[in-house]
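A.B. asks: how would this look folded up:
(chains A and B)
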Amino acid sequence: MENPTRKVAAAGAAALLAAGLVVAGAGAASASESGPAERITSAAQLKDSIRLAVAQEEQAGEQGLSQSVGGRVTKVAGTQSGTC
Amino acid sequence: MTTVGEDGSSQTWCPSGEAHAPESVVLGVRSGQDGRVVYLADPVPAADVLGEVPQGVEPRRVLRFASHCVSDCVNRRGGDCTLVERVLSRPAAQEDGPVPRCHLRARCQWWKQTGVAACARCPAVSTRHHAGDVLADLVADPATTQEQLDEWIAVAG
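C.D. replies: Numbering: from 1, shown residues only, chains lettered A, B, ... in the order given. You can find the predicted model right below:
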């Protein structure tokens, strides 16, 4: 799977952005090369990613609860934020 | 995939949209480091993916969906989205990474409204509640004004 880091001239940046391509910001060469440039391109990859995300979510939920109740895990209804 | 919006203009899409709207597609999965979004190369209908999310897990906590930007959204103010304005007001929790390669950009309301600045923040936008994160609550609350947000950030330092 391709995973290039592209450095583009400013003049062409707008057109490339419209096409949905990556733009590496100035001074961010190391971040762009190690950043989340991968994309999900197959159904199998999508399923694996969902499983990973669910596991991360469950782990984060348990850690958050243990921090807030001093080590005991208690079921608490969560709330949502950050979406419309 | 050009559709006409409610005012006759080209329909824009919300990158933090609904999971169950008829047009909803999956934008990405929150499987990256610290729950950041990993984007799909091509849109996949949400209906085709929702079955992969275990029961009891809110789909928007693990997936990001794109759906039409609609006038009755609580974050809508005229033709603008106030959510992206609040997101950009918040200091970045970490240095912004590379602009993600997503399939939505040309139709994205956030990109149309604020340009690439929204794209840099997009991977970190989540539906996860962080206990005690007052700023996150303020950003998520459609009733929060820009002045309230600026004041809170100024006081917090």
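
A.B. asks: Tell me, how many residues neighbour residue B:14?
C.D. replies: 27 (other C-beta atoms under 10 Å in any protein chain shown). C-beta coordinates here come from the backbone N, C-alpha and C atoms, glycine included.

A.B. asks: For it, give me its contacts.
C.D. replies: Shown in contact with residue B:14 (C-beta atoms under 8 Å, 6 or more residues apart in numbering or on different chains): A:84, B:66, B:67, B:68, B:69, B:70, B:73, B:81, B:109, B:110.

A.B. asks: try 7 Å
C.D. replies: Taking C-beta atoms under 7 Å, 6 or more residues apart in numbering or on different chains as the criterion, residue B:14 is in contact with A:84, B:66, B:67, B:69, B:109.

A.B. asks: Quick check, pLDDT for the fourth one.
C.D. replies: Residue B:69 carries a pLDDT value of 96.

A.B. asks: Report the residue spans of chain A with pLDDT below the cut-off.
C.D. replies: For chain A, the stretches with pLDDT under 70 are A:1-37, A:62-84.

A.B. asks: buried stuff in the longest helix along it?
C.D. replies: In terms of residue count, the longest helix belonging to chain A (DSSP state H) is helix A:43-68. For helix A:43-68, burial by neighbour count (16 or more other C-beta atoms under 10 Å in any protein chain shown) applies to A:45-46, A:49-54, A:56-57, A:61, A:64-65.

A.B. asks: for stretch B:149-157, same thing?
C.D. replies: Buried-residue list, stretch B:149-157, by 16+ other C-beta under 10 Å: B:149, B:152.

A.B. asks: Could you do stretch B:84-94 as well?
C.D. replies: In stretch B:84-94, counting by 16+ other C-beta under 10 Å, buried: B:84, B:85, B:86, B:87, B:88, B:89, B:90.

A.B. asks: In a markdown table, list the residues you listed along with secondary structure.
C.D. replies: Shown next, in a markdown table, are the buried residues of stretch B:84-94 (DSSP: H, G, I helix; E, B strand; the rest coil):
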| residue | secondary structure |
| --- | --- |
| B:84 | helix |
| B:85 | helix |
| B:86 | helix |
| B:87 | helix |
| B:88 | helix |
| B:89 | helix |
| B:90 | coil |
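
A.B. asks: Return the member of these nearest to chain A.
C.D. replies: For the buried residues of stretch B:84-94, the residue nearest chain A by C-beta to the nearest C-beta is residue B:87; the value is 7.9 Å.

A.B. asks: With residue B:61 as the reference, measure out to that closest one.
C.D. replies: For residue B:87, the distance to residue B:61 equals 18 Å [C-beta to C-beta, to the nearest Å].

A.B. asks: returning to what we had before: export the contacts of residue B:14 as JSON lines, with columns for neighbour count and secondary structure.
C.D. replies: Output for those, formatted as JSON lines (neighbours: other C-beta atoms under 10 Å in any protein chain shown; DSSP: H, G, I helix; E, B strand; the rest coil):
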{"residue": "A:84", "neighbour count": "21", "secondary structure": "coil"}
{"residue": "B:66", "neighbour count": "27", "secondary structure": "strand"}
{"residue": "B:67", "neighbour count": "22", "secondary structure": "strand"}
{"residue": "B:69", "neighbour count": "26", "secondary structure": "coil"}
{"residue": "B:109", "neighbour count": "27", "secondary structure": "helix"}
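
A.B. asks: so can I have a markdown table of the residues you listed showing distance to residue B:33?
C.D. replies: Formatted as a markdown table, the contacts of residue B:14 follow (distance: C-beta to C-beta, whole Å):
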| residue | distance to residue B:33 |
| --- | --- |
| A:84 | 25 |
| B:66 | 22 |
| B:67 | 26 |
| B:69 | 29 |
| B:109 | 26 |
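
A.B. asks: what number of residues lie near residue B:11?
C.D. replies: 17.

A.B. asks: pretty sure it contacts residue B:66?
C.D. replies: No. Applying C-beta atoms under 7 Å as the test, residue B:11 and residue B:66 come out as separate, 11.4 Å apart.
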